[in-house]
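J.: Sequence and predicted structure are below.
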Amino acid sequence: MGFRDTVDVCELADLGYEGRSWTYEKRVVGGSFCRVRLDRALATTPWSARFPLARVSHLTGGTSDHGPILLWWRETEKQQRVTQDKIFRYEVIWEGHEQFKPFLVDARQAEGKAEAMRELKQKLTRVSGFLGSWERSIFGNI
């Protein structure tokens with residue numbers, strides 16, 4: 001419970017993972033295995049925004065009951081250029097337009113509910129794309 005409270009207080013989010021579903025494996029009485037995901041990578045929202053392509057992989061370890069995790073956060077030059085070309089900027093002037101609030105509500109609801117950090121990121125990306133299109137059609141190029 002203390003760990004969960006700390007994660008909440010520090011506003012950390014689980015980065016998810018690729019690979020097998022556990023990071024700890026121990027043989028228990030009767031010959032079966034206890035397999036759980038103990039080890040994980042956590043990050044703040046600003047870190048996740050800075051490294052949007054970060055990935056966590058669960059690897060197989062040979063000598064420990066804990067499997068190693070690999071955090072990959074580098075971007076290729078091509079990915080860096082794409083990220084730099086598509087920077088989203090929220091404009092306060094939008095709030096004064098009569099169509100803004102209804103449009104934003106519709107765009108947000110159309111994307112459904114986000115229950116995981118990855119889903120939230122995808123939802124925000126799509127909503128920001130809708131807002132960019134809306135801005136160009138209403139205001140032109142600010």
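T.: Now that the structure is in, tell me what you want to look at. Residues are numbered from 1 along each chain as shown.
J.: From now on I want contacts and neighbour counts done on CA atoms only, so please keep to that.
T.: Noted.
J.: what is Ala13 paired to in the beta sheet?
T.: According to DSSP bridges, the residues that bridge with Ala13 are Ala43.
J.: Would you confirm that it contacts Thr44?
T.: Yes. Contact status for Ala13 versus Thr44: in contact at 6.3 Å, counting by Cα atoms under 8 Å.
J.: which of these two has more neighbours?
T.: The neighbour comparison of Ala13 against Thr44 (other Cα atoms under 10 Å) goes to Ala13, with 17 against 14.
J.: give the contact list for that one.
T.: Listed by Cα atoms under 8 Å, 6 or more residues apart in numbering, the contact set of Ala13 reads 7, 42-45, 117.
J.: In a helix, Ser21, correct?
T.: No. Under DSSP: H, G, I helix; E, B strand; the rest coil, Ser21 falls outside any helix and is assigned coil.
J.: Val56 versus that one, what's the distance?
T.: Remark: distance between Ser21 and Val56 (Cα to Cα, to the nearest Å) = 12 Å.
J.: Looking at the two, which has the bigger crowd around it?
T.: Val56 (18 against 11).
J.: List the buried residues in the biggest helix by length in the chain.
T.: Looking across the chain with DSSP state H, the single longest helix is helix 117-139. Of all the residues in helix 117-139, those buried under the rule 16 or more other Cα atoms under 10 Å are 121, 123, 126-128, 131, 134-135.
J.: Next: stretch 100-110.
T.: 100, 104, 107-108.
J.: Over to stretch 29-44?
T.: Neighbour-count burial for stretch 29-44, with 16+ other Cα under 10 Å as criterion, is recorded at 40-41.
J.: Distance across it, terminal residue to terminal residue?
T.: Terminal residues of stretch 29-44 lie 39 Å apart, using Cα to Cα.
J.: List of residues touching it?
T.: 10-16, 21-28, 56, 66, 69, 71.
J.: one more time with 10 Å, if that's ok
T.: The list of residues contacting stretch 29-44 from outside it, by Cα atoms under 10 Å, 6 or more residues apart in numbering, reads 7, 10-17, 20-28, 48-49, 55-58, 65-71.
J.: how far is it from where the chain is centred?
T.: Distance of stretch 29-44 from the chain centroid (Cα atoms, centre = their mean, to the nearest Å) equals 21 Å.
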